[in-house]
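Colleague: Okay, sequence plus prediction incoming.
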Amino acid sequence: MNPIVSVSPHVKTGRTTKHIMLDVLISLLPATAAGIVFFGYEAAVIVLISLFSACATEFVWYLLREKIWRDPKATLKKFVKQFDFTSAITGLLLALCLPANLSAWYMPLLGSIFAVGAVKMLFGGTGRNIVNPALTGRVFLFISFTAMTVYPAAKFGAIATNGWEQLVTGPTQLGNLLKGEPTLSALDLFLGTGVAGCIGETCKLALLVGGVYLCARGVIKWYLPVLYIGVTGLFAVALEGFDFAAFLPSILSGGLFLGAIFMATDYVTTPKSTLGNVIYFILLGLLTAGLRKATGIEVVSFCILLMNFTVFLIDLAIKARPFGYRREKKRAKEEKR
Amino acid sequence: MKAKNGKLFFRGLHIPDKKERSKEIPIAPFEPDEVSIPLKQHIGAPAEPVVSVGDEVKRGQLIGKAGGLISANVHASIAGKVTAIAERADGKGGTCIHITIARGAGGDDYLPPLATPSGEEIAERILQAGIVGMGGAGFPAHVKAKPPVPVDTLILNGAECEPYLTCDDRLMREQTEKIVRGAKYLAVALNAARTVIAIEKNKPEAIARFEETELEVVKLKKQYPMGSEKHLIYCCTGRKVPLGKLPADAGVCVQNVATAFAVCEAVELGKPLFERVVTLSGGGAQTPKNLLCPVGTPLSALLNEAHATEDAAKFVAGGPRTGTALTGANGVVTKTTSGFLLLTQAETKPDSSTPCIKCGKCADVCPMRLLPMQTAFYSAAQEFELADKYGGVRSCIECGACSYICPARRPLAQAIKTAKAALAPKKGGNK
């Protein structure tokens, strides 16, 4: 028997990329469940179409790239071994930011194929994409189909205003807010009752539960989404002339929670260092609040997409500052002494 | 003295220590029939042989003379006859001259004991006895005992932050008095006002034993790599060693507890350093042990002693985080071999690596606050200067925390070591 020889360390953690991605999938379950409760079976169908087509895209792409016809069995085995659930996350995330509108069934299908095929696999697969696949898929659909601007309302009416009456259609609350029209109460916005919007973005409670799970499992750092949401809210307040009543509605409406907790924290499309991440999330918050005010539409996905392109620059600007490092000036001073 | 809590350092790792396998097993002497003593067991120049084949040697007799200022004497670890002086593979991929001694009759040949030695005499004795840093690096102790700048604090390193290893723990529990006396001699040589012993909290028995003595004890939180010199100094004294400088520049000297024990024996008994405690452990060892081995004990003899299981897949000399994987049990115990571990396939997880997902966990655990993923990225492209600029290669302490935590199982520590080796001629640390 020949012993294995390698460079130290000889022990490693048991937690691999697959475990992390499974954790992300689990953390999205509350939001998916809430979406299905609020928007009915249509939401479930959209989620399934999106999940399936995302995974199928990766499957087909992988088989073609690895030239399946040469050795089908080995290629299939290799696919199962390397499959790390990232495509499933992309599919699920994309479904969560689509309206539960069955007449537009082709949207999750096309969006997922675009997200996984063009954004992820074309650039080399997991870890090599430049922009967030799910978000880019959403933006692709948004600029291609008018169906992306019509949102069915939740099955349950708002607690505060309408009791439990059912709403048939409804404008998105963020639209109302930006136009200066009255919005629902903060509690309704938080629970998603009576709120029209995408499948996964309305119930902030479910998103928060998923976010807490992610933080507890050490997948994301709690301060990054908090920073994003906080900066967006405060800058919105500042833009409204320091009217603090605008704080809660501006952070609770639209896709900010979904974007902040699940989209913006995507590892691949954020800076590598902690300092870089803090800079990135502050800029993201400022950009979101500013563009929302300027354009009057929901821009979270566009902002994250825009900021994705700056990641490379942020990484180039940050250098390691090792333990025991002293700044030039301080060092010169000490050496003089 | 009552133990004080040490500081924490920023970042670092929390890993299962797995010391329970060999923690309660007392140190037992191990007596091989034949030893092969390498002449290079330390950092610096190899020693030069002063015996020839056929010579009868006594235990403790000088057989290799230090080959320069940064070098160390080598002594016979058993009495007997020199049967070979030849270049041999050391099991780590290199070769070195080994002096092979077959056990025979003959007594001990120790140096004269010193009753009330002065600092000069102690430093001289450390040099004669061939004592090196026994934590793993093997830096000749006499060089550290005569620092270029005055030192006011001596820290005894009893952190033993490597998993599995219990040799220092057992030594601290069984030889408390000798370690305390050894520390005193070292303090006299250094002219240090303060002497501290630093022990991680996962060794409560050792802490309790030292609390009974007059030595100042610091309890450290279990945090990897607490045993690293720079971090130990920060946690005990709050001082930071400036980049590219030595601990002496921060007014501190760090010595391992086993080194202090060796100093005590060298001063009081005149016994040169020719044996050390080796932990025999790992998931592949059915009978874990702590053995007092003569230097040069063949690892194959230890392998028999451990009763290796079927699935032992990796042999490691030293700890599992910084030790060296061996090509087989053909190496020998040296002055710095703190452990001989048999790791199973399940423990080492030799999976192939997957693409980097840029999660930043390596940077989150790096005790030196470097960016290992940047280093790996630039190192793969042979851009070593950029790797240093963005990742900070030169200040890496090679603790392996980044490789441990990486969810994509990427060989980050290896990439950094490659870059470090490529940058080696230019010294001076990250500026």
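Modeller: Thanks, I have it. Numbers count the residues shown, from 1 in each chain, chains lettered A, B, ... in the order given.

Colleague: For the stretch 101-250 of chain A, which segments count as helices?
Modeller: All helices of the stretch 101-250 of chain A, identified by DSSP state H, counting those that start in this stretch, fall at A:106-113, A:133-144, A:173-179, A:186-191, A:204-216, A:223-239, A:247-252.

Colleague: Looking at those helices, spot the one closest to chain B.
Modeller: helix A:223-239 (10.8 Å; Cβ to the nearest Cβ). Backbone N, C-alpha and C define where each C-beta goes, glycine included.

Colleague: Select from the helices of the stretch 101-250 of chain A the stretch with the lowest mean pLDDT.
Modeller: Lowest mean pLDDT within the helices of the stretch 101-250 of chain A: helix A:173-179, at a mean of 62.

Colleague: ok, back up a step: using TSV, please lay out the helices of the stretch 101-250 of chain A together with distance to residue B:277.
Modeller: Output for the helices of the stretch 101-250 of chain A, formatted as TSV (distance: least, Cβ to Cβ, whole Å):
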stretch	distance to residue B:277
helix A:106-113	61
helix A:133-144	55
helix A:173-179	68
helix A:186-191	62
helix A:204-216	41
helix A:223-239	45
helix A:247-252	60
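
Colleague: Now render these as a markdown table, adding mean neighbour count.
Modeller: Shown next, in a markdown table, are the helices of the stretch 101-250 of chain A (neighbours: other Cβ atoms under 10 Å in any protein chain shown):
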| stretch | mean neighbour count |
| --- | --- |
| helix A:106-113 | 22 |
| helix A:133-144 | 23 |
| helix A:173-179 | 20 |
| helix A:186-191 | 20 |
| helix A:204-216 | 20 |
| helix A:223-239 | 20 |
| helix A:247-252 | 22 |
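
Colleague: Give me the residue at the spatial middle of the chain.
Modeller: No chain was given, so I picked chain A. What sits nearest the mean C-alpha location of chain A, by Cα atoms, centre = their mean, is residue A:263, with 1.5 Å.

Colleague: Correction: the question concerned chain B.
Modeller: For chain B, the residue nearest the mean C-alpha position is residue B:136 (1.6 Å; Cα atoms, centre = their mean).

Colleague: Surely that one touches residue B:319?
Modeller: Yes. At 7.2 Å, residue B:136 and residue B:319 qualify as touching, with contact defined as Cβ atoms under 8 Å.

Colleague: what touches both of the two?
Modeller: The contact sets of residue B:136 and residue B:319 overlap at residue B:338 (Cβ atoms under 8 Å, 6 or more residues apart in numbering or on different chains).

Colleague: Now do the residue of the stretch 151-300 of chain A found nearest chain B: how many residues are near it, please.
Modeller: Per Cβ to the nearest Cβ, residue A:267 is where the stretch 151-300 of chain A lies closest to chain B, at 4.4 Å. If you count neighbours by other Cβ atoms under 10 Å in any protein chain shown, residue A:267 ends up with 20.

Colleague: What sits closest to it if chain neighbours are left out?
Modeller: Excluding the flanking residues, the one nearest residue A:267 by Cβ to Cβ, 6 or more residues apart in numbering or on different chains is residue B:359, at 4.4 Å.

Colleague: part of a helix, is that neighbour?
Modeller: No. Assessed by DSSP: H, G, I helix; E, B strand; the rest coil, residue B:359 does not belong to a helix; its assignment is coil.

Colleague: Would you enumerate the residues in contact with it?
Modeller: A:20, A:267, B:407.

Colleague: tell me the phi and psi of it?
Modeller: Backbone geometry at residue B:359, expressed as degrees, to the nearest 10, gives phi -70, psi -20.

Colleague: Next, work out how far apart it and residue B:132 are.
Modeller: According to Cβ to Cβ, to the nearest Å, residue B:359 stands 39 Å off from residue B:132.

Colleague: what's the answer for residue A:154, then?
Modeller: Relative to residue B:132, and taking Cβ to Cβ, residue A:154 is found at 73 Å.

Colleague: what's around residue B:69, how many residues?
Modeller: For residue B:69, using other Cβ under 10 Å, the count is 11.

Colleague: With adjacent residues omitted, what lies nearest to it?
Modeller: Using Cβ to Cβ, 6+ apart, the nearest residue to residue B:69 is residue B:143, at 7.1 Å.
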